[in-house]
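**Q** here's a sequence, model it:
(chains A and B)
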Amino acid sequence: MKQFRINPENGLEFGLYTLGDHLPNPATGERISAKQRLDEIIELAKLADEAGIDFFSVGESHQEYFTTQAHSVVLSAIAQATEKIKIASSSTIISTLDPVRVYEDFATIDLISGGRAEIIAGRASRVGNFELLGYDLQDYEELFEEKFDLLLQINQKDVINWSGKYRAPLNNAKVLPRPLNGSMPIWRAVGGHPASAVKAGYAGVPIFLASLGGPVSIFKRTIDSYRTALTEAGYDPLQFPVATAGFFYLAETTQQAQRDTYPSINEGMQHTNGRGYPKQHFAQGASPRDVMNIGSPQEVIEKILYQHEMYGHQRYIAQMDFGGIPFTKLRKNIELIGEEVLPAIRKYTAKQESE
Amino acid sequence: MKAVFLSGSIVGSKTKTAISYAMNKLKQAYPEIETVLLDLAEYNVQFSDGRNYLDYSGDTKYVTETLMSADAIIIGTPIFQASIPGTLKNVFDLLPVNAFRDKVVSMIITAGSAKHYLIPEQQLKPVLAYMKAQIIQTYVFIEEVDFHLKEIVNDDVLFRIDRLIEDTVVLTETYRKIREAQEAKYDF
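**A** Next comes the predicted model:
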């Protein structure tokens, strides 16, 4: 766990992530400027840092309704604006980027931030980046596997010799600068289906599992498959952290939390994915056995603890800003996280001194 | 309410004839309903490669977005090689899973032989059900002999199409009311 900068003694880490979506507030139909959205994301990271939240990450999506395409640039501003919080991508679409350049960027962010940077590499759910950046969608899978593997090698070796299909060869190449402590945690982003998690297991790479809605027990299967794959490949699952990511929002009551978020999630998904979020499914999200952490602080704490009991995971990251939720509400959520959620989950998941 | 009429083949005239008749019928009976004709013969639709439908361009994007914006879809299809045409299956493949959630779908089938009568039952309905459509169970099955010079000449077929249109509109409106009543209970 140490190479991934996770200390299991501290219990479940709690983080925030944003996809950098730039969507209208459904209540007003109005959309803030791209500048304001970027300012607010950086401010959100600052507030999260001050509240003692462990982790903050920013995603990369190359299409309409998003504003953090240059996510590493945003992260470098966050590195400068924050002090203790870990910062990462969620995720970096390594398939359509040059792993050398990505590593240079993130190693630089690691130095600026004093050793707080991590990379989460994914394959993209929307694929606007392929056409925009000049790649063939037919190579979707091969591009990811080859470039992700190169990224991992760059992390492990100071001098690299490499050749592949989708990038010029590297001969005795030094990829500089090196991160503060020689290497950085690199994770694989996986969707709900076990296949991608199994690949991460065979490669001995930690996973970030997206889990937006549905029963906890289903996502547990993916995590179990991942750990089985690790074991089959000769790795010790106890050495590899698992992180989950999903919707989160706190209000006084679950009903209020659902009222505050449903229009944003429904209309936001309609804009970004072409399909809304069915009300019936969203209503089921309130179940203690569902992954959706939208509700009162007490209910959400209990859900997170239940998820921890089921998954035995090391980090949970919360998405609460999707679909034009006003910043005042995000600020209020950060307060509640700092005052109620963090103390509770640390109390119940950290190793006690007497143990 | 928006009704999209999809003619699912790029060859022949019978499906187009039947679906055009059905669309005109709906326009006459329900002038307030927005209608769109999607005749696949008029579009250059690419094969599905698994991407989100919003990521396609040109005709493919137009066809998928038009279908996704519909409240009711009336599918017209011939039977090829004892199945639905590849062009129609490709349209399904282009759309997301659950694409027909909260949509009503009805079917008009044209076929060269009565032996094909159960093919929509066994091959088309399961696809629509998987995609979460509210299906009008009774489809209109039209044979070669019912057409003459690009017109339907069998009054029985015309009456059955008229009933299919009425059923499609009634179920779409009823289903919308059911859904609204159900959603109102959620209080968010």
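**Q** can you count the residues close to the closest residue to residue B:13 other than its chain neighbours?
**A** By the measure of Cβ to Cβ, 6 or more residues apart in numbering or on different chains, the closest residue to residue B:13 outside its immediate chain neighbours is residue B:150, 5.2 Å from it. Glycine gets a C-beta too; all of them are placed from N, C-alpha and C. Counted with other Cβ atoms under 10 Å in any protein chain shown, the neighbours of residue B:150 add up to 10.
**Q** doesn't residue B:17 make contact with residue B:150?
**A** Yes. In this structure residue B:150 lies within contact range of residue B:17 using Cβ atoms under 8 Å: 5.2 Å.
**Q** return the residues of chain A in contact with chain B.
**A** With Cβ under 8 Å from any Cβ of the partner chain as the criterion, chain A meets chain B at residues A:63, A:125-128, A:137-138, A:140, A:255, A:258-259, A:262, A:273-275, A:278-280, A:282-283.
**Q** mind listing which of these are in helices?
**A** A:128, A:140, A:255, A:258, A:259, A:262, A:273, A:279, A:280, A:282, A:283 (DSSP state H).
**Q** in space, what's closest to whichever residue of chain A sits closest to chain B - neighbours in sequence excluded?
**A** Nearest to chain B in chain A, going by Cβ to the nearest Cβ, is residue A:258, at a distance of 3.7 Å. Leaving aside its chain neighbours, residue A:258 sits nearest to residue B:188 (3.7 Å; criterion: Cβ to Cβ, 6+ apart).
**Q** mind checking the backbone torsions on residue B:182?
**A** Backbone torsions for residue B:182, taken as degrees, to the nearest 10, come to phi -70, psi -40.
**Q** and the residue sitting nearest the centre point of chain B, helix, strand or coil?
**A** Computing the C-alpha centroid of chain B and ranking residues by Cα atoms, centre = their mean puts residue B:75 first, at 1.9 Å. Of the three states, residue B:75 takes strand according to DSSP: H, G, I helix; E, B strand; the rest coil.
**Q** what number of residues lie near the residue of chain B found nearest chain A?
**A** Nearest to chain A in chain B, going by Cβ to the nearest Cβ, is residue B:188, at a distance of 3.7 Å. Here the number of neighbours of residue B:188 (other Cβ under 10 Å) works out to 18.
**Q** contacting residues around it?
**A** When contacts are counted by Cβ atoms under 8 Å, 6 or more residues apart in numbering or on different chains, residue B:188 touches A:255, A:258, A:259, A:262, A:279, A:282, A:283.
**Q** of those, closest to residue A:34?
**A** residue A:262 (25.3 Å; Cβ to Cβ).
**Q** now for the nearest residue to residue A:277 once chain neighbours are set aside, how many residues are close by?
**A** Spatial nearest neighbour of residue A:277, chain neighbours left out: residue A:266 (4.7 Å); criterion: Cβ to Cβ, 6+ apart. Residue A:266 has 18 neighbours, counted by other Cβ under 10 Å.
**Q** please apply the same query to residue A:181.
**A** Residues near residue A:181, counting by other Cβ under 10 Å, number 10.
**Q** select the longest strand from chain A.
**A** When chain A is parsed with DSSP state E, its longest strand is strand A:242-250.
**Q** pLDDT on that strand, on average?
**A** When pLDDT is averaged over strand A:242-250, the result is 98.
**Q** just the CA atoms of that strand, as PDB, please.
**A** Below are the C-alpha coordinates for strand A:242-250, written out as PDB (Å, rounded to 0.1, in the frame of the first residue of the first chain):
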ATOM      1  CA  VAL A 242      -9.300  -0.100  -4.200                       C
ATOM      2  CA  ALA A 243     -11.100   3.200  -4.600                       C
ATOM      3  CA  THR A 244     -14.700   3.800  -5.600                       C
ATOM      4  CA  ALA A 245     -16.300   6.900  -7.100                       C
ATOM      5  CA  GLY A 246     -19.900   7.900  -7.200                       C
ATOM      6  CA  PHE A 247     -22.700  10.500  -6.700                       C
ATOM      7  CA  PHE A 248     -22.800  12.200  -3.300                       C
ATOM      8  CA  TYR A 249     -24.800  15.000  -1.800                       C
ATOM      9  CA  LEU A 250     -25.800  16.000   1.700                       C
END
